[in-house]
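In: no sequence on this one, just coordinates:
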């Protein structure tokens, strides 16, 4: 076991970087605070006047006091659906918290956002919540208060495989897997949405505010001419005493949440995956120093070992192939006592085995080969893998192509795709091109994926993309016998860069759920530890098999 030693100096560069990261974090947190108000304070007050709690108040009462609620997808739909007035957090809150010491996924509609109606991203977010419950064998609690599908966008949420109906399909699958599902109808539950609570294992309803039916009073009148009201169609008394579709009625939100806590308190213990954990030790260096490590300019290098030693226990790091494939760091460590394998892009400029200088953040053939082998080792030993992703892609050029970069890259991608131990990904900087895939981006099924406030995700960097597109544009004009003017050239480049700046912004990624959440870098240890604890709840580990790997 070797110890990582920090040589980070708290000089002007450190201070400048620290200030930059803190400013980014402050902006992210300011947006987060706005989103937490949902439809606004007035809308929350209106709920209270109806003796209903806001969804965040419900979650606070549901989870154990003074415990961590890991909210995910808070920035879902950020900057989207503006033509419809916006949809803060896509009108749904979800995360994972402890109820009587048991980790549970909690999904709660925000009735202050379009009456809890479902937008396309709302559906994607709910499917992600169910995916996390399935992958980690976690009970799931639904706090239902929704007007159903947002009808102006019904074509983007209704019929496809990853649309609304998939949620009810998942209800059935989750139940068949023996994962408990409890639903509380705490407001309207309309049309297709009515299936969600009834396909759960137990359904409660709040008297006076909860209602559940396939068609409301207005639609019933239009369809069959019957005149009725929503309470008579599917209120608490009707659904518990006449139709029997819900199991018990509660007098208030508070009583309903207490009942859920009582139900969860009686869940039996489940088998664990058996990931190794010992007594936790503190980091060797202050975690907040990460702020002063990462540059303001994502193209500038930094030493990734400095990041690692502020995350792992006491700086202890068993590095795998330390002198080979140096643009990727691989090794075994502990985080909060949990054994973990780390695959990290080295952002420093390093020397190859032949003495050639290699760019930091670029994956070379030897690095890909090393990472693939390390991933195999982690699977053999049942060690979860943490990917620290700050990658600009695979090395290009004739020398790399002749050296088989595609073959070695495919080897790494194959290992990542077929890995069966839990994978946790944190995008600490750049996430460009096929590097995103090789370092376990969203398409490669990480159990959880997070991003630092400075993270950027794109097929390539803005400057590279703008120059490529400019070359194409220039070529097209020349074929027409025209030349691009310097003014048009500058205007074209500025437009491309502006678009890329918007699309590579971390909020753009978070709004579309390319990442589960934007995190404070100083919380990295806490979040990784909790994710491994959650993953440890699933004992079913498939045998690790890779596909065709060329040697």
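Out: That came in fine, so what should we check first? On a predicted model such as this, the values are computed, not experimentally measured, just so you know. Residues are numbered from 1 along each chain as shown.
In: residue contacts, the closest residue to residue 148 other than its chain neighbours?
Out: With CB to CB, 6 or more residues apart in numbering as the criterion, residue 148 has its nearest non-adjacent residue at 4.1 Å, and that residue is residue 190. Yep, even glycine has a C-beta here, placed from its N, CA and C like the rest. With contacts defined as CB atoms under 8 Å, 6 or more residues apart in numbering, the neighbours of residue 190 are 146-148, 212-216.
In: and those, which two are the farthest apart?
Out: Across those, the longest distance by CB to CB is 15.2 Å; it joins 146 and 215.
In: who has more neighbours, these two?
Out: residue 146 (30 against 16; other CB atoms under 10 Å).
In: ok, back up a step: which one of the contacts of residue 190 is nearest to residue 439?
Out: Distance to residue 439 across the contacts of residue 190 (CB to CB) is lowest for residue 146, with 36.7 Å.
In: what separation is there between that closest one and residue 330?
Out: Distance, residue 146 to residue 330, using CB to CB, to the nearest Å: 45 Å.
In: repeat that for residue 517.
Out: 26 Å.
In: compare the two (neighbour count), which wins?
Out: In terms of neighbours (other CB under 10 Å), residue 330 is the more surrounded of residue 517 and residue 330; the figures are 25 against 20.
In: checking the more buried one next. Helix, strand or coil?
Out: Using DSSP: H, G, I helix; E, B strand; the rest coil, the structure places residue 330 in strand.
In: swap in the one 4 residues further on?
Out: At residue 334 the chain is in strand, as set by three-state DSSP.
In: what residues are up against it?
Out: Neighbour list for residue 334: 278, 280-281, 312-313, 316, 340 [criterion: CB under 8 Å, 6+ apart].
In: and residue 248, by the same measure?
Out: 204-205, 240, 259.
In: let me know the pLDDT of residue 461.
Out: Looking at residue 461, its pLDDT reads 67.
In: wait, a strand at residue 222?
Out: No. Counting by three-state DSSP, residue 222 is not part of a strand but helix.
In: ok, back up a step: list buried residues within the contacts of residue 334.
Out: Buried members of the contacts of residue 334, scored by 16 or more other CB atoms under 10 Å, are 312-313, 316, 340.
In: now do the helices in the stretch 451-551 of the chain.
Out: With DSSP state H, counting those that start in this stretch, the ranges of helices along the stretch 451-551 of the chain come out as 462-479, 486-504, 506-511, 524-535.
In: and the stretch 1-150 of the chain, by the same measure?
Out: Using DSSP H, counting those that start in this stretch, the helices of the stretch 1-150 of the chain run over 12-35, 41-49, 55-62, 120-136.
In: quick one on the thing from earlier: type out the PyMOL command that picks the buried ones from the contacts of residue 190.
Out: The buried residues among the contacts of residue 190 can be selected in PyMOL (16+ other CB under 10 Å) with this line:
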select buried, resi 146+147+148+212+213+215+216
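In: out of the contacts of residue 190, which is nearest to residue 530?
Out: Relative to residue 530, the closest of those is residue 146; by CB to CB it sits at 28.3 Å.
In: what sits against the closest one?
Out: Residue 146 makes contact with 91, 109, 111, 115-118, 187-190, 193, according to CB under 8 Å, 6+ apart.
In: using CSV, lay out these together with pLDDT.
Out: Shown next, in CSV, are the contacts of residue 146 (pLDDT from 0 to 100):
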residue, pLDDT
91, 96
109, 96
111, 96
115, 90
116, 91
117, 90
118, 90
187, 94
188, 90
189, 90
190, 84
193, 75
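In: tell me which of these fall in strands.
Out: Taking DSSP state E, the ones among the contacts of residue 146 that sit in strands are 109, 187-190.
In: ok, of the helices of the stretch 451-551 of the chain, where does mean pLDDT dip lowest?
Out: Ranked by mean pLDDT, these bottom out at helix 462-479, with a mean of 72.
In: between the ones in strands among the contacts of residue 146, identify the one with the most neighbours.
Out: Neighbour tally across the ones in strands among the contacts of residue 146 (other CB under 10 Å): the maximum, 30 neighbours, falls on residue 189.
In: which members of the buried ones among the contacts of residue 334 are the farthest-apart pair?
Out: The largest separation in the buried ones among the contacts of residue 334, counting by CB to CB, is between 316 and 340 at 11.5 Å.
In: what do these two both touch?
Out: Taking CB under 8 Å, 6+ apart as the contact rule, residue 316 and residue 340 both touch 333-334.
In: related to what we said a few turns ago, mind putting the buried ones among the contacts of residue 334 into TSV with secondary structure and distance to residue 232?
Out: Converted to TSV, the buried ones among the contacts of residue 334 look like this (DSSP: H, G, I helix; E, B strand; the rest coil; distance: CB to CB, whole Å):
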residue	secondary structure	distance to residue 232
312	coil	61
313	helix	61
316	strand	66
340	strand	57
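In: mind listing the helices for the stretch 151-300 of the chain?
Out: 164-176, 195-198, 217-224, 230-234, 236-237, 253-265.
In: and for the stretch 301-450 of the chain?
Out: Applying DSSP H, counting those that start in this stretch to the stretch 301-450 of the chain gives helices spanning 304-308, 365-381, 398-402, 405-418, 433-438.
In: what residues are up against the closest residue in space to residue 58 that isn't next to it in sequence?
Out: For residue 58, ignoring the flanking residues on the chain, the nearest one in space by CB to CB, 6+ apart is residue 143 at 5.3 Å. Residue 143 makes contacts with 55, 58-59, 62, 106-109, 184, 186, as judged by CB under 8 Å, 6+ apart.
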